[in-house]
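1. Give me a model of this one.
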Amino acid sequence: MHRFTTVVLLIFLMVSSRLYANDPAKNLQQTPTVASTPSGSELAEAYQAFHSGKFAEAAAKYRSILDKEPSSTAAQAGLVRSTLRLEKLNEALDLGTKYLTASPNDASLNAVMGEVHFRRAEMRDAEVSFRTAINLDPKQAHAYLGLADVLDSLALHHKAYDLFVAARAIAPDDPEVQRSWLSFLPRKNRIEALEKYLAGPHEESQEDTKSMFAYLAFLKSSNADHKTHPCKLTQPVERTQTDLEPLLSDASHLVGWGLKVKLNDHVAKLLVDTGASGVLISRRQAEKSGVVRISEDRIAGIGDSGPVTGYYGYVDHLQVGGLQFQDCVIEVSDKRSIVEDDGLIGADVFKDYVVNLDFREMRMRLEPLPARPDDTGPAVKSLNSEGDDEDISSAGSSDENKSSATSDALDLRTFVPKNIPKDRYVAPEMKSWTTVLRFGHELLVPTRVNTLPATKLFLLDTGAFNITFATTLAAELGKMGKNEDIEIRGLSGKVEKVYRAKDATLQFGNLRQKVEDGVTFDISGISRSTGTEISGILGFAMLNLMDIQIDYRDNLVNFNYDPTKLGLPDWNKKK
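-> As a prediction, this is how the structure comes out:
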């Protein structure tokens, strides 16, 4: 199974590289053109409704147009996109297939079909659809954005960047194009761009819009204080290791591994969570540690109660083992505890290293990333304590950060970031590692389930209690039943509907795992926020039997399982 998954993804990557050599994006150095609103008042109204986030209204308007003009491919593409945004994935696929069969050479239909495949985690089909759309019409801006998302998830960041540039050249005023550039901008200019974006029609849900306004407030507060909170190492450390601390629900039940993290002068024990991002602590821990509040925040997690309130803050000093950092942003939940822990620390905060979580030896080791062939000097290391909202545009020296934070207004149509991202590099010693897809902090592992024809994506999550199935996957397996015996609680409260999935075999990396009674619940919220379908979670109970090496830069994970070391470690000695 390991060979099958690896071969599929290697073929995917080779096809991406080969097709990219003749990519139309490389030829888009001509006079930019601006995408126009579809003609016709009814079509324009539907278009406006969609780009205001009113997807049900947009779908109804597109259907009304199709009742009068069934062959309108603009209305067909709009209906498929609206249906997809309503999270009706199967219906969107059926509609897209029907319309594309009738008009296979329509670029807009091929582009929207790429979006459907991407949301369904059918990445190879998504790439083919986006490339077909571009070949049919080199000015399909959304096809460039979609193809960029595919390549970016595979750590082909430079190729994705070139596609973002191409989309901007075609449609600089398109809201989705503008949003795609937000992460590249220095903070001051990101404020201006985000304000402009939120002031106009945009597709985000009400909850997502609230989160974006919270992030905008954070950027404004940081800019007002002229602080970027870079969380830089006080002195270079090439490699280090620190103990993993047992987290117990009682004297005999291990529920996770933690790290002792010193926040200013207070030590907290934070759960190591590959499914989380940055540093998140409880209000109680923040009060003890003297966290300085920056601005309000909204924090989402597992559970049916919705996001919890909290705030962005910073600490002057943060220490993990032999690593000491200065001026670090963290998130604080208004809850007095984080699922009965002091808080969480995402493994992605150590993204500048190869992260080795050796659960058998109760150690976390941080080792240097393999040098790229074109590297000219040592990389500046920082702690990604801010998580997915980290300011990637001004990474580098403190002088560069200061300059970026105080720069004048930019011409976003021609802006070039200081640090153009690079494509992944697979070092010779890592060729046997498993290629994963990465969306922000989330590592999605290609997984075969029973004899289902399509590979599924499972979230690698040491903060989850066990292997979990999405209800969509359990329904596909046809073995789902009600579970009255287990209660699941997360950061967002209790999960009300919990089911069981029977007799499934998972194959990922070089491993095969039998699951006789898998816990199942609705994780569609995670899939929606990620942008692609997540079919399950690889959780702690299984991951605790191995040690895991993670290269966040190159989307590589090494699952080390030694059946001769199945005896549980003596965590009592660390109590």
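2. Which of the three states applies to the closest residue to S52 other than its chain neighbours?
-> In space, and not counting its chain neighbours, S52 is closest to P201: 4.4 Å by C-beta to C-beta, 6 or more residues apart in numbering. (Glycine included, C-beta is placed from N, CA and C.) Judged by DSSP: H, G, I helix; E, B strand; the rest coil, the three-state class of P201 is coil.
3. Phi, psi for P201 please.
-> phi -60, psi 140 (degrees, to the nearest 10).
4. Outline the domain layout of the protein.
-> As given by automatic domain parsing, the domain ranges for the chain are 2-180, 232-392, 428-564.
5. Any chance of JSON lines for those domains, columns distance to R187 and mean neighbour count?
-> As requested, the domains of the chain are exported to JSON lines (distance: least, C-beta to C-beta, whole Å; neighbours: other C-beta atoms under 10 Å):
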{"stretch": "domain 2-180", "distance to R187": "16", "mean neighbour count": "19"}
{"stretch": "domain 232-392", "distance to R187": "6", "mean neighbour count": "19"}
{"stretch": "domain 428-564", "distance to R187": "18", "mean neighbour count": "19"}
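6. could those domains go into CSV alongside distance to L410?
-> Shown next, in CSV, are those (distance: least, C-beta to C-beta, whole Å):
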stretch, distance to L410
domain 2-180, 13
domain 232-392, 15
domain 428-564, 24
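7. thought C231 was touching V329?
-> Yes - with contact defined as C-beta atoms under 8 Å, C231 counts as touching V329 (6.8 Å).
8. which residues in the stretch 151-300 of the chain form strands?
-> Assigned by DSSP state E, counting those that start in this stretch, the stretch 151-300 of the chain shows strands spanning 232-233, 240-243, 245-250, 253-263, 266-273, 279-282, 292-299.
9. and S103, which of these is closest to it?
-> With C-beta to C-beta, the closest approach to S103 among the strands of the stretch 151-300 of the chain belongs to strand 292-299: 42.1 Å.
10. Alpha carbons of that closest one, in CSV - could you do that?
-> Extracted in CSV, the C-alpha atoms of strand 292-299 (Å, rounded to 0.1, in the frame of the first residue of the first chain):
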residue,chain,number,x,y,z
VAL,A,292,-0.3,41.2,27.2
ARG,A,293,-3.6,41.5,25.4
ILE,A,294,-3.5,42.8,21.8
SER,A,295,-7.1,42.3,20.4
GLU,A,296,-10.2,40.1,20.5
ASP,A,297,-10.1,36.7,18.8
ARG,A,298,-12.5,33.9,17.8
ILE,A,299,-11.3,30.3,18.2
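11. Now the residue in the chain sticking out farthest from the centre, what are its backbone angles?
-> Using C-alpha atoms, centre = their mean, the residue of the chain lying farthest from its centre is K68. It sits 40.8 Å away. Here the main-chain torsion angles of K68 (degrees, to the nearest 10) amount to phi -90, psi -30.
12. The one 10 residues further on now?
-> Main-chain dihedrals, G78, degrees, to the nearest 10: phi -60, psi -40.
13. mind listing what it touches?
-> Residues in contact with G78, defined by C-beta atoms under 8 Å, 6 or more residues apart in numbering, are 38, 43, 46-47, 50, 58, 62.
14. And it, what's its pLDDT?
-> Reported pLDDT at G78 in the predicted model: 97.
15. Repeat that for L259.
-> Note on L259: pLDDT of 94.
16. From what I see, it and V320 are in contact.
-> Yes - at 5.9 Å, L259 counts as touching V320 under the criterion of C-beta under 8 Å.
17. Touching both of the two, which residues are there?
-> 242, 345.
18. in this structure, which segments are predicted with low confidence?
-> The chain contains residues with pLDDT under 70 at 1-39, 224-228, 301-306, 335-341, 377-409, 480-496, 565-575.
19. Partner strands of the strand ranked longest in it, with direction?
-> As assigned by DSSP state E, the longest strand anywhere in the chain is strand 308-320. Using DSSP bridges, strand 308-320 pairs in its sheet with strand 253-263 (antiparallel), strand 292-299 (antiparallel), strand 323-333 (antiparallel).
20. With distance to D208 added, can I get those strands in CSV?
-> Formatted as CSV, those follow (distance: least, C-beta to C-beta, whole Å):
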stretch, distance to D208
strand 253-263, 29
strand 292-299, 10
strand 323-333, 17
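21. right, and these - which one's nearest D547?
-> D547 lies closest to strand 253-263 among the strands paired with strand 308-320, at 11.2 Å (C-beta to C-beta).
22. all helices of the stretch 351-500 of the chain, in order?
-> Along the stretch 351-500 of the chain, the stretches classed as helices by DSSP state H, counting those that start in this stretch are 398-405, 471-477.
23. what's near enough to touch the nearest residue to D316 once chain neighbours are set aside?
-> Spatial nearest neighbour of D316, excluding adjacent residues (C-beta to C-beta, 6+ apart): N264 at 6.0 Å. By C-beta under 8 Å, 6+ apart, N264 lies in contact with 289-291, 315-317.
24. switch the cut-off to 10 Å
-> By C-beta atoms under 10 Å, 6 or more residues apart in numbering, the contact list for N264 reads 288-292, 315-319.
25. hang on, the earlier thing: and the residue nearest to S52, how far is that from I550?
-> P201 is 39 Å from I550, where distance means C-beta to C-beta, to the nearest Å.
26. and what of A143?
-> 32 Å.
27. Out of the domains of the chain, which gets nearest to N419?
-> The nearest among the domains of the chain, by C-beta to C-beta, is domain 232-392 at 7.4 Å.
28. so how far is the closest one from its chain's centroid?
-> With C-alpha atoms, centre = their mean, to the nearest Å as the basis, domain 232-392 stands 17 Å off its chain's centre.
29. Could you do stretch 430-437 as well?
-> Its chain's C-alpha centre and that of stretch 430-437 lie 18 Å apart, by C-alpha atoms, centre = their mean.
30. I figured T468 hits F458, correct?
-> Yes - between T468 and F458 a contact is recorded at 8.9 Å, counting by C-beta atoms under 10 Å.
31. so what sits against both of these two?
-> 534-539.
32. I'd like those residues as a markdown table, with distance to N555 and secondary structure appended.
-> Below are those laid out as a markdown table (distance: C-beta to C-beta, whole Å; DSSP: H, G, I helix; E, B strand; the rest coil):
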| residue | distance to N555 | secondary structure |
| --- | --- | --- |
| I534 | 16 | coil |
| S535 | 18 | coil |
| G536 | 19 | strand |
| I537 | 18 | strand |
| L538 | 16 | strand |
| G539 | 21 | coil |
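33. Out of those, which is nearest to L270?
-> Checking those against L270 with C-beta to C-beta, the nearest one is G539 at 18.0 Å.
34. Contacts only, for that closest one.
-> Contacts of G539 by C-beta under 10 Å, 6+ apart are 256, 275, 458-468, 519.
35. How about it, nearest residue that isn't a chain neighbour?
-> G539 sits nearest to A464 (C-beta to C-beta, 6+ apart), 3.6 Å away.
36. gap between the one you found and A56?
-> 33 Å.
37. Then L244?
-> From L244 across to A56, the span is 48 Å (C-beta to C-beta).
38. A268 now?
-> The value you get for A268 to A56, if C-beta to C-beta is used, is 45 Å.
39. quick one: contacts of the one helix or strand L100 maps to?
-> Using DSSP states H and E, L100 sits in helix 89-102. Residues outside helix 89-102 that contact it (C-beta under 10 Å, 6+ apart): 59, 66, 70-71, 73, 75-77, 79-86, 88, 106, 108-110, 112-117, 119-122, 129, 132, 472, 524, 527, 533.
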